[in-house]
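> quick one, fold the following:
(2 chains)
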Amino acid sequence: MKKVKKHIILLTPLFTYFTFFFFAPMFVLFVYSFWLKTSTGLVPTFTLHNYLYIFSNKLYPITILRSIRIGFITAIICVIISYPVAYSLTFKYKKLQDVVLYLILISLFSSYLVRVYAWKTILGSNGIINQILRYIGLIEEPLTFLLFSPTAIIITLVFILTPFTILPIFSSLQNISADLIEAANDLGANKLKTFYRVTLPLSMPGVITGFIFSFTISTGDYVTPQLVGGTEGLMIGRIVQDQFGMTYNWPFGSALAYFMIFLLIVLINCFIWITAILKLKRKF
Amino acid sequence: MRLKKGPRFGVLDVINIIILLYLLFPLAVIVLYSFNLTSSLKFPLEGFTTRWYREVVQDKSFLDSLRYSLYVALAVSTISVIIGTLASFALTRYNFKFKNIISFSVLIPITLPAIILGISLLSFFAAIDFKRSLLTVIFGHCIFCIPFAVLVMNSRLSGFDVSVEEAAKDLGATTLQTFKYVTFPIIRPSIIGVMMLTFALSFDEFLVTFFIIGKRNTLPIVIWGMLRRGVSPTINSIATMVLFLSMTLIIIANKYAKIRTLR
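A predicted model of the protein is given here:
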């Protein structure tokens, strides 16, 4: 009985902190989403108006869809380019492992704002790419389509989130016992088959974690679309921010936030479900 | 034994080099242009100067924000490491009801988009009429730093051999003595690692801070202000300094606690 008490004592600070600064704020936000903004201020009531309002103006569904599309493409690219790096780190670069990891960590922990800004200076009409292209005489006029587009957002977000996806995939690959891979080889599986039937399925938890991280972070990002997105790259984060800033319509902002959380949960579960189905199929 | 053919330069290496270049080239651009003679982003570079660094170091708003950021990050890393370590002990050493739910719930804040944490904290502080200041920023930062603290400590504590503690107790050590002379020295590297990691996370945080900051601006808020105003070479020099600061922190952190186990 003594042990039961101990874990409660150890968890009390965490529990208290989360109750006050996470669950309570999330609850307040939820309550706000049912309030109403009128010309005189915020009216405490219970109405679904804010949620229905999302569909009243084409701008909101279009922006939400665009955010999800950008987030999804970003997450898929992140996972695809993270996998070879994580794989090599685990199975190939025994000596270089620390060096490559440091390079990845440097990217991961350098300032987020600065990393977005870096792409603005690279892609801009006076940016590095245009300067180089003009210097070597490939173009006369700067390419203006590079910056301020959904593509620029994806390039930047993939750059920011790839280190974030490499780490979970790497850590799940590290947990795979070498015996399993050897066993597959001994049983006559070639390299590709071993990878497809042993390594990849066993590293799926890391892939899913990486995907979820990059998908949610990029879908809800605010800074990147603001700095490199332009008008074509308007994303949901900006609209939510507007409600809490200029427009001062907190109830609508809260409803948007909860609608976004709801969509993210549904989509992530779809993704996990699809990977589970693919895995099942492979067994036969 | 086909796997142990030994390293051979192949397609995979080429792919890796391209990806690493993609991850590092933008940072190199920032560092290079922070020393550029003119304020434009001309290619090739026009000369070497430390002028932008001298300008930054004399800028009062930069120095103030740096001080506030360090203050916030120090407080955040201290709170996070204490709460995170205690929770991690409970999660790795004891079996109890709802353990899975708790381990999962701890991670929710870092899987949510930061903007949602920001607006929920803003709504909360407004609802309870709590004035926004550096204190609210500290409260906000801990919410995404504690999960990381728990993750790193879990990876350390789950591999902890409890028998050494039992041995100490069998030899007559009290609970406090056991902690002081056995447990703490073993987990100390992870504690330092967690502090560095959470320090770096807090020092760099922008979006949550953006919603709950008071009158005193942290460094990322000042950088954001500069970015809004346009391209300035001083941004490059600030960025370079911040880059080297976080690099130092991360190298120290990784030396003590293997952040690679981060999940």
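> quick one: residue B:129 is in a strand?
No: counting by DSSP: H, G, I helix; E, B strand; the rest coil, residue B:129 falls outside a strand, being coil.
> that one: neighbour count?
6 (other C-beta atoms under 10 Å in any protein chain shown). C-betas here are computed from N, CA, C, even on glycine.
> now do the one 5 residues further on
Applying other C-beta under 10 Å, we find 20 residues neighbouring residue B:134.
> where does chain B have low pLDDT?
Within chain B, the stretches with pLDDT under 70 are B:1-8, B:39-44, B:231, B:257-263.
> ok, now which ones touch the residue most central in space within it?
Using C-alpha atoms, centre = their mean, the residue of chain B that lies closest to the mean C-alpha position is residue B:201, 2.4 Å off. Contact analysis of residue B:201 by C-beta atoms under 8 Å, 6 or more residues apart in numbering or on different chains lists B:76, B:141, B:144-145, B:148.
> most neighbours, which of these?
residue B:145 (30 neighbours).
> ok, that residue to residue B:117 distance?
12 Å (C-beta to C-beta, to the nearest Å).
> sorry, back to before: the residue nearest to the centre of chain B: helix or strand, and which one exactly?
helix B:184-204 (DSSP states H and E).
> after that helix comes which helix or strand?
In N-to-C order, the element after helix B:184-204 by DSSP H and E is helix B:207-212.
> can you give me the offset of that next one from its chain's centre?
Mean C-alpha position of helix B:207-212 versus that of the full chain (C-alpha atoms, centre = their mean, to the nearest Å) differs by 16 Å.
> what's it packed up against?
helix B:114-127, helix B:134-157, helix B:219-229 (3 or more C-beta pairs under 8 Å, 6 or more residues apart in numbering or on different chains; DSSP states H and E).
> surely residue A:73 meets residue A:154?
Yes: the criterion here is C-beta atoms under 8 Å, and residue A:73 meets it with residue A:154 at 5.7 Å.
> low-confidence ranges, the stretch 1-150 of chain A, go.
For the stretch 1-150 of chain A, the ranges with pLDDT under 70 are A:1-4.
> quick check, the residue in chain B closest to chain A?
For chain B, the residue closest to chain A is residue B:113, as judged by C-beta to the nearest C-beta, at 2.3 Å.
> what about residue A:29, how many residues nearby?
There are 26 residues near residue A:29, going by other C-beta under 10 Å.
> what's near enough to touch it?
A:254, A:257-258, B:116, B:119-120, B:123-124.
> of all these, which comes closest to residue A:17?
Closest approach to residue A:17 among the contacts of residue A:29 (C-beta to C-beta): residue B:124, at 13.3 Å.
> next up, the contacts around that closest one.
Contact partners of residue B:124, counting by C-beta under 8 Å, 6+ apart, are A:21, A:24-25, A:28-29, B:130.
> can we see that at 7 Å?
A:24-25, A:28 (C-beta atoms under 7 Å, 6 or more residues apart in numbering or on different chains).
> apart from its chain neighbours, what residue comes closest to residue A:272?
residue A:208 (6.0 Å; C-beta to C-beta, 6 or more residues apart in numbering or on different chains).
> just say helix, strand or coil for that neighbour.
Secondary structure assignment for residue A:208 (three-state DSSP): helix.
> and it, how far from residue B:118?
On the measure of C-beta to C-beta, residue A:208 and residue B:118 end up 26 Å apart.
> do residue B:77 as well
20 Å.
> thinking again about what came up before, who has more neighbours, residue A:208 and residue B:118?
Neighbour count, other C-beta under 10 Å: between residue A:208 and residue B:118, residue B:118 has more, with 26 against 19.
> these two touch, right, the more buried one and residue B:206?
No: contact criterion C-beta atoms under 7 Å: residue B:118 and residue B:206 do not qualify, at 9.6 Å.
> list the contacts of residue B:190.
Neighbour list for residue B:190: B:152-153, B:156, B:256-257 [criterion: C-beta under 7 Å, 6+ apart].
> ranking these by neighbours, who comes first?
residue B:152 (27 neighbours).
> mind listing what the residue of chain A found nearest chain B touches?
Taking C-beta to the nearest C-beta, chain B has its nearest neighbour within chain A at residue A:220, 2.3 Å off. Taking C-beta under 7 Å, 6+ apart as the criterion, residue A:220 is in contact with A:236-237, A:260, B:113, B:115-116.
> ok, residue B:140 next?
B:117, B:121, B:208-209, B:212.
> repeat the analysis, applying 10 Å as the threshold.
By C-beta atoms under 10 Å, 6 or more residues apart in numbering or on different chains, the contact list for residue B:140 reads A:21-22, A:25, B:72, B:76, B:114, B:117-118, B:120-122, B:124-125, B:132, B:202, B:205, B:208-209, B:211-213.
> measure it to residue B:77 for me?
To residue B:77, residue B:140 is 14 Å away according to C-beta to C-beta.
> name the nearest residue to residue B:251, sequence neighbours excluded.
Leaving aside its sequence neighbours, residue B:251 is closest to residue A:102 (6.8 Å, by C-beta to C-beta, 6+ apart).
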